[in-house]
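Chemist: Okay, here's the prediction I keep looking at, along with the sequence it came from:
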Amino acid sequence: FFFFFSNRPFMSAPLLQPPSEGGAAAAAAAPPAAAAAATAGRELLLPASVRNEKALWAERIVAQDKYNTDAWDVLFGEAMRLPLTQMEPVCEAFLAVFPTAGWHWKRYIDRVMREKAYDKVEALFKRCLLHVPNVDLWRLYVQFVHDTTTGRPDHAEKVREAYEFTLSENGVGLDYNSTVIWQNYIAFLRAQEALEGKKIVDVRKAYTRMLDAPRTHMQQILAEYTEFEKGVDTNLAKKLLEERAVSFKRMRILSGELDKLNRRLSEVRVLATPVSRANPHAEQLNTWKKWIAWEKKNRLGCDRPLMIARVSYAYRQCLLFFAHHPDMWLEAARFLDESSRSLEASNAAAAARLLQEAIALCERGLTFLSSNILYCFAVAELLESRGRIKEARETIEALLKKEDVDPTLVYVHLMRFARRTVDIKAVREVFKRARTDARAGYQIFLAAAMLELSASEKGASICSKIFELGLKTHAGEPAYVAAYLNFLTNQGDTNNIRVLFERVLNSPEGAQNVDVWRSYVEFESLQGDLSGMRRVVQKRAAALPQIFQWHPCLHYVDRFRFERLLPASPNVLYSLGYKSEHEDAGYTEFPRSMSAFGHKARARCFRPDFSQMVPFSAQEDKEEGDTSSSDLATISDFLHALPSSKTFSGPAVNVEMLMRELLACPLLDSEMVEGDESRAKRLMDDDDDDAPEEDGFTDIYRLRQRKARAL
């Protein structure tokens, strides 16, 4: 249902427009210029009358982090106390950042309604109502229709249409918390001056629709319905209640299940913020996932179209709070797409409608995730699977226009897409375009080469030319050189492998590349002769004197190793200063596969015997210098139980550096020393044992010295 207010000049257009194909989400009313300017980094300046310390703090925080919800709450609260013209820029800027915040939309529109600015109210409802399934917001919409049609002959008809639209599948009729709107609708029907028989039928239908699904306050609803039926006809009421007793009992049980989830969701008002590792609302997201899983089980036993509508509504609700989570958008779109496919044979019209909903949902998600590569690729794949090749390519191409997106992976995916949907010539066009983009990395050459390799009989030759082309600009990239070497190895081209090593290592970018030198030594160890291997070792030592000048025997490790099998123990390798490629990648452990060389890795570490530990019990302090023989025996046993220092294979301690750090540490409090020079002098004097102690002062340092001498 869409409403026309033809009697009011500022409502010549429909209040709500149905989503157009392929552009519903994008047309969801772009924010005004003030909001756009604010979100571009301009400071949100509140009037001087409310620029208190908290407001200034909030403005400063929002300028640095536009998704700081605490600061926005302060600004929004301050804006609600301002005149309408001063309030609007702040509210628009807030909604430009959080367009799914239903509660804030409701507060904003309610304030505008109180100012009787109905033309602005209508424009605001057009922007948010269809995309924000918030019960309070839709209640305000019904109130708006009621207020703007009061006194007109079609007032009752318009209000009833507003209720029906609100409680339909397009509105919030499926919402678990929509009980209050249903009750208001029933009260409206009972207050109408209609024929008694028609009024009873309408009210009974409304009750039946409300009781067909779990709601809040289910027991109260049943009591009201029972009272209504008994007021109409006692005998008929008894019959109707007995017929539906089983259904009512089942709905009470299901309402109890949903009520547990609903309480968790109602505790916190969540705003949609970007994904972060420190997700403060992870529990809320998990609760929504449980709700969606509950709906998918179809505990209500409803027909498939209604079940699909309920699951879709649950996804829409979840996305109000987690609009920056690509997985939730993709799950919702995939569910609608799969549901559409399942109905193609039995109900083509419903299948087409669900497909349009899936595409519109994907487009809506792009307003939040336009720079998310994962989401855009998944949307393009869905469109491609539905034969919408043009829209799919446009979705991928849009990423190349984003300054905050690395285009390398986008070009790679675009080449794959071109191969699937067109041919190898289209791949070459994309590759040619990618080479002219200075932002693209070396991976575009690898992707183009791999695609050409299987495209034709001349694929290997073309692949080799692409690798040579990329080598001109990426000779200093170890990963690119390694990929080229793997290609040549698979082709069995030993001569060209040596040529490639020489070219790379003779270039300024590759001469100091330790990994390439190591690969060259390993290659000669496998494929070359002894003289060639020694020649490479000498060249490496000359190119990297900072390494091999101090450890000339390092080259033996690379010559004799294979994969992760190393020809020495970790201690020996450490003493040589050897680091494997695994350590260079961020690993601190040496390979554990030492048993092949007779070195058994340490299987366990020494730990104290916890069974010998006894609970602590307070005892009187012993007299000064009194150390029993039992204490000495215990200490001696403990020292003998400690593992030998030879078993330690961890990092060696630089003793000189440690001593320098200890000497640099201030062991005494400077203020204490300055306040009592005589005490500081006594503490530093190791030879004066007979110096008298001050009253009330125990010299711990002196006591330790006396105990040490007594031992």
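Modeler: All right, it came through fine.
Chemist: quick one: average pLDDT of stretch 391-402?
Modeler: For stretch 391-402, the mean per-residue pLDDT is 94.
Chemist: what's the answer for stretch 406-414, then?
Modeler: 93.
Chemist: for it, the distance to its chain's centre please.
Modeler: How far stretch 406-414 lies from its chain's middle: 21 Å, per Cα atoms, centre = their mean, to the nearest Å.
Chemist: In that stretch, which residues are buried?
Modeler: Neighbour counts over stretch 406-414 (16 or more other Cβ atoms under 10 Å) mark 407-414 as buried. (Glycine included, C-beta is placed from N, CA and C.)
Chemist: Contacts for that stretch, please.
Modeler: 373, 377, 393, 396-397, 399-400, 430-431, 433-434, 437, 439-441, 443-444, 447 (Cβ atoms under 8 Å, 6 or more residues apart in numbering).
Chemist: who's in contact with the residue most central in space within the chain?
Modeler: Nearest residue to the geometric centre of the chain (Cα atoms, centre = their mean): residue 275, 3.2 Å. Residue 275 makes contact with 324-325, according to Cβ under 8 Å, 6+ apart.
Chemist: go on, residue 103?
Modeler: Residues near residue 103 by Cβ under 8 Å, 6+ apart: 134, 136-137, 269.
Chemist: mind checking which helix or strand the residue nearest to residue 433 when sequence neighbours are not counted is in?
Modeler: Of all residues not flanking residue 433 in the chain, residue 411 sits nearest, at 7.7 Å (Cβ to Cβ, 6 or more residues apart in numbering). In the assignment (DSSP states H and E), residue 411 maps to helix 407-421.
Chemist: mind checking how far that helix is from the chain centre?
Modeler: The answer for helix 407-421 is 25 Å, by Cα atoms, centre = their mean.
Chemist: Extract the CA atoms of that helix and return them as PDB.
Modeler: Output of helix 407-421 as PDB, limited to C-alpha atoms (Å, rounded to 0.1, in the frame of the first residue of the first chain):
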ATOM      1  CA  PRO A 407      43.900  -2.200  -7.000                       C
ATOM      2  CA  THR A 408      46.300  -5.200  -7.400                       C
ATOM      3  CA  LEU A 409      43.800  -7.900  -6.300                       C
ATOM      4  CA  VAL A 410      41.000  -6.100  -8.100                       C
ATOM      5  CA  TYR A 411      42.900  -6.300 -11.400                       C
ATOM      6  CA  VAL A 412      43.700 -10.000 -10.800                       C
ATOM      7  CA  HIS A 413      40.000 -10.800 -10.100                       C
ATOM      8  CA  LEU A 414      39.000  -8.700 -13.100                       C
ATOM      9  CA  MET A 415      41.300 -10.800 -15.400                       C
ATOM     10  CA  ARG A 416      39.700 -14.000 -14.000                       C
ATOM     11  CA  PHE A 417      36.300 -12.500 -14.600                       C
ATOM     12  CA  ALA A 418      37.200 -11.600 -18.200                       C
ATOM     13  CA  ARG A 419      38.400 -15.100 -18.900                       C
ATOM     14  CA  ARG A 420      35.200 -16.600 -17.600                       C
ATOM     15  CA  THR A 421      32.800 -14.200 -19.300                       C
END
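Chemist: Following element in sequence after it, please.
Modeler: On the C-terminal side of helix 407-421, the closest following helix or strand by DSSP H and E is helix 424-435.
Chemist: tilt between that following helix and helix 407-421?
Modeler: 170 degrees (axes from the mean of the first three to the mean of the last three Cα atoms, to 10 degrees).
Chemist: ok, residue 475 touching residue 507?
Modeler: Yes - using Cβ atoms under 8 Å, residue 475 is in contact with residue 507, at 4.8 Å.
Chemist: Using PDB, write out every CA atom in the helix ranked longest in the chain.
Modeler: In the chain, taking DSSP state H as the definition, the longest helix is helix 245-266. Output in PDB follows, covering the C-alpha atoms of helix 245-266 (Å, rounded to 0.1, in the frame of the first residue of the first chain):
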ATOM      1  CA  ALA A 245      -6.300 -23.700  22.400                       C
ATOM      2  CA  VAL A 246      -3.500 -25.900  21.100                       C
ATOM      3  CA  SER A 247      -2.200 -23.100  18.800                       C
ATOM      4  CA  PHE A 248      -2.400 -20.500  21.600                       C
ATOM      5  CA  LYS A 249      -0.400 -22.800  23.900                       C
ATOM      6  CA  ARG A 250       2.200 -23.400  21.300                       C
ATOM      7  CA  MET A 251       2.600 -19.700  20.700                       C
ATOM      8  CA  ARG A 252       3.100 -19.000  24.400                       C
ATOM      9  CA  ILE A 253       5.900 -21.600  24.400                       C
ATOM     10  CA  LEU A 254       7.600 -20.100  21.300                       C
ATOM     11  CA  SER A 255       7.200 -16.600  22.700                       C
ATOM     12  CA  GLY A 256       9.100 -17.800  25.800                       C
ATOM     13  CA  GLU A 257      11.900 -19.000  23.600                       C
ATOM     14  CA  LEU A 258      12.200 -15.700  21.700                       C
ATOM     15  CA  ASP A 259      11.800 -13.700  24.900                       C
ATOM     16  CA  LYS A 260      15.200 -15.000  26.100                       C
ATOM     17  CA  LEU A 261      16.900 -13.700  23.000                       C
ATOM     18  CA  ASN A 262      14.900 -10.500  22.900                       C
ATOM     19  CA  ARG A 263      16.000  -9.600  26.400                       C
ATOM     20  CA  ARG A 264      19.600  -9.800  25.400                       C
ATOM     21  CA  LEU A 265      19.100  -7.600  22.400                       C
ATOM     22  CA  SER A 266      17.100  -5.000  24.300                       C
END
